[in-house]
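>>> Provide a 3D model corresponding to the input given below.
(chains A and B)
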Amino acid sequence: MKRIIAISFALFMLLNLIGCAKDDNSSIKIGVLLPLTGAMAKFGEMEKNSFELARIEINAAGGVKGRDLVFVYEDDTGKPDVGRMGMEKLITVDKVPMITGGYSSSVTFAAAQVAQKYRVPFLVNTGSVDKITEPESFDLKISDADKFYIYRLNPPVSEYASGLEGFLKNLASVETAIIFHENTTFGTNGAKAFAISCERLGIEVFEIDSYTEGTVDFKPLLLKVKEQKPDLVYMISYVMDAALLMKQSKELRLSPKLFVGAGAGYTMPAYRENAGIASEKTISATLWHQSLPVPGATDYYNAYIAKYDDKSPPDYHGVEAYAAAYVVKDAIERAQDFKSASIKTALDGTDMMTAFGPVKFIAYDAKINQNKMETYVVQWINGNLELIWPKHLAKVEAVYPIDWNAEWK
Amino acid sequence: METFVQTLVSGILIGGLYAIIGIGMTLIMGVLNIINLAHGQILMLSMYITWVLWTYFGIDPYIAIFITIPIVFFIAEGISKFLLHPLMGKDSILPENQVLMTVGIGMVLVELARVIFSSDYKSVQTSYTNKSWYLGTISFNTPLTIAFIISIIMTVGLFLFLTKTDTGRSVRATAQDKSAAALMGISTGKITVLTYGLGSALDAAAGSLLLPIYYLYPDVGPLFTVKAFVITILGGLGSTVGAIFGGLILGLAETFGATYISMGYRDAIGLIIFLLVLVFFPGGLKRFTKV
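Presented below is the predicted three-dimensional model:
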């Protein structure tokens, strides 16, 4: 009996080995780190859907070098320590030659350190704190591009508001501002960056104030707007905090000239669904809009809606993931073999067009391997997110000045 | 001055809601001698029930209280009878295996919610959701005011139940001294099971009251488990009256901290009070009350 068990066990192991070997020949596994559960799961879900959309398209078109592309998802739950562990698992257990994804700034930065340690290329598509592509934060120098394994598709948070700056410059009437941000890496850095933008624009910032994610009652914070009466309220929040901030602003009948969001929550369909009429005419910085003259942008938007849900269309988070999948495909196709080092060399030479916009990893200021992009401004008009800036791309005229009493009736 | 009064009003209103969440946990703490770490998740469960009733049947969240309470009560009775009660008195490596069990129950509830409802954020948009009424220049959020009033009614009801009825007295007796209660002929096993249901039913009411104010997703629970925990400690581990004051103090501390220090330190402020109470009043606010 013992022998039979031993033999069958050996056979079983052998079969497993054959299975593995076969698997290795027929598909290419790439790791994806996303928050699939926890408070940020909504974003993770949109990105995962987009990765899958791209994967199905790529495989239907013949895959990568004749092999199927497979994404191995790892849930970071929105926590840096879990993200680090997930990254270790992808690299040491799943043995993927490359990783992409990375949603929240703090998780992405923690995970990037693991990728750098193991020298596995990590293509970040959403994590936006500046230091992720600054070699100095990894104890490297700006000249160490050959040793730096972190690449980033999306612009860093300090540049999110660059498009907004152009928009505000044309509105000479905005002179004062108040900034609210969630007390996370993303929020704190975004607030600092916008304060610098304000300085450049000659806008006086009355106050920069933070809050904790998941707050029930924002009134103590919003009362400051009532007291100080700034022209502009700039808010950096994830989706449901964004919805509550606007609902409670409406309740307190605040009336600054502009409510401006810093992307993240303010462009999500869930923001509109939950804030309802309170979201109307709010403005947000964004990294992408489906009406941009970028090849594939509208196609991606329509394909996503057709495949998943007609009620929640994707925003820039989704297209970042979709584009990342194509950058991965392009790099692997150009790499000599499936080793991490070869893929890194291929990523260095990336110069392509995606549905998100052009992608090329360059070095500037303190960053290396960073894709430099324009950013845009959108406004919720009659329940739709419309591109309003830059002017030559916008199909819809911005609504300004805004009569809040009429909007919020 | 206006800011001060507005902050005071906001703090008291939110404190009332915190209190009713805290009382449920306090009751369970008092009788079962465990910290119910699935408390926030049960709140989440009742919020989902309320949401389903509103979305598919058009039942107003405040009417839904009468449906969520019995549903959650029976689910909690089941949990208590078949999952928690059997662990009582069992030898185990860790002494608090019932507490660990509540952690597990919480996880299962969250993942079940995720499977059924996905990670989408939900909220209800009733006619009064974004309404406020004004007293001079001070605004009172309508749903929060209603929640506050219902919380008071529920608390008074609970108070009468605990002091005037036989079952209520048995619950208190079991909380005070289990062996003595058993000697007096109280079926402490039954009371224990009942109390978990009762605590969860209060939690269910809180869930229905919270939904029009806040929003809902599967992971909403832990936030409120922590709040309930702080309130339970503030209130003195098992004292219902203490828990009411605990809730109000937490609500006021958070709002005043947010107005005069920074909203970013909201959690820190709550937990600093928690530490101060543990250091200076280890018995919590219970020492000021008799119930």
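>>> For the residue nearest to the spatial centre of chain A, give me phi and psi.
Taking CA atoms, centre = their mean as the criterion, A:Thr126 is the residue nearest the geometric centre of chain A, at 2.6 Å. The phi and psi torsions at A:Thr126 (degrees, to the nearest 10) take the values phi -140, psi -40.
>>> any idea how far it lies from A:Gly163?
When CB to CB, to the nearest Å is applied, the distance between A:Thr126 and A:Gly163 equals 18 Å. The C-beta positions use only the backbone N, C-alpha and C, and glycine is treated the same way.
>>> How many residues are close by the residue of the stretch 151-291 of chain B found nearest chain A?
When you check the stretch 151-291 of chain B against chain A by CB to the nearest CB, the closest residue turns out to be B:Gly264, at 3.2 Å. One way to gauge burial is a neighbour count; for B:Gly264, by other CB atoms under 10 Å in any protein chain shown, it gives 22.
>>> Might you report the residue contacts of it?
Residues near B:Gly264 by CB atoms under 8 Å, 6 or more residues apart in numbering or on different chains: A:183, A:209-212.
>>> tell me the SS of A:Asp209?
Judged by DSSP: H, G, I helix; E, B strand; the rest coil, the three-state class of A:Asp209 is strand.
>>> Quick check: beta-bridge partners of it?
According to DSSP bridges, the partner residues bridging A:Asp209 are A:Phe180.
>>> next one: A:Asn371
Under the criterion used (DSSP bridges), A:Asn371 bridges to A:Phe361.
>>> Tell me the confidence at B:Met282?
Quick fix: residue B:282 reads Pro, not Met. At B:Pro282, the pLDDT value in this model is 75.
>>> how close does it sit to B:Ile79?
Distance of B:Pro282 to B:Ile79, computed by CB to CB: 31 Å.
>>> Of the two, give the one with the bigger neighbour count.
In this view B:Pro282 and B:Ile79 are compared by other CB under 10 Å, and B:Ile79 has more residues nearby, 23 against 11.
>>> Tell me which helix or strand the nearest residue to that one once chain neighbours are set aside sits in.
Using CB to CB, 6 or more residues apart in numbering or on different chains and skipping the chain neighbours, the partner closest in space to B:Ile79 is B:Ile105 (6.0 Å). When secondary structure is defined by DSSP states H and E, B:Ile105 falls within helix B:97-117.
>>> which bits of the stretch 201-350 of chain A sit near chain B?
Counting by CB under 8 Å from any CB of the partner chain, the stretch 201-350 of chain A comes close to chain B at A:209-212, A:214-221, A:223, A:227, A:239-240, A:243-244, A:247, A:250-252, A:270, A:273-274, A:276, A:278, A:312.
>>> Low-confidence ranges, chain B, go.
Under the criterion pLDDT under 70, the flagged ranges of chain B are B:94-95, B:237-238, B:284-291.
>>> For it, what lies in contact range of chain A?
By CB under 8 Å from any CB, the part of chain B that sits against chain A consists of B:3, B:6-7, B:10, B:14, B:17, B:114, B:118-123, B:125, B:129-132, B:139, B:141, B:144, B:210, B:213-215, B:217-219, B:223, B:255-256, B:258-259, B:262-267.
>>> Need the buried ones from those selected in ChimeraX.
The following ChimeraX selection, which keeps only the buried ones among the residues of chain B next to chain A, applies the criterion 16 or more other CB atoms under 10 Å in any protein chain shown:
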select /B:6,7,10,14,17,114,119,120,121,122,123,129,130,132,139,141,144,210,213,214,215,217,218,219,223,255,256,258,259,262,263,264,265,266,267
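>>> Cheers, nothing more for now.
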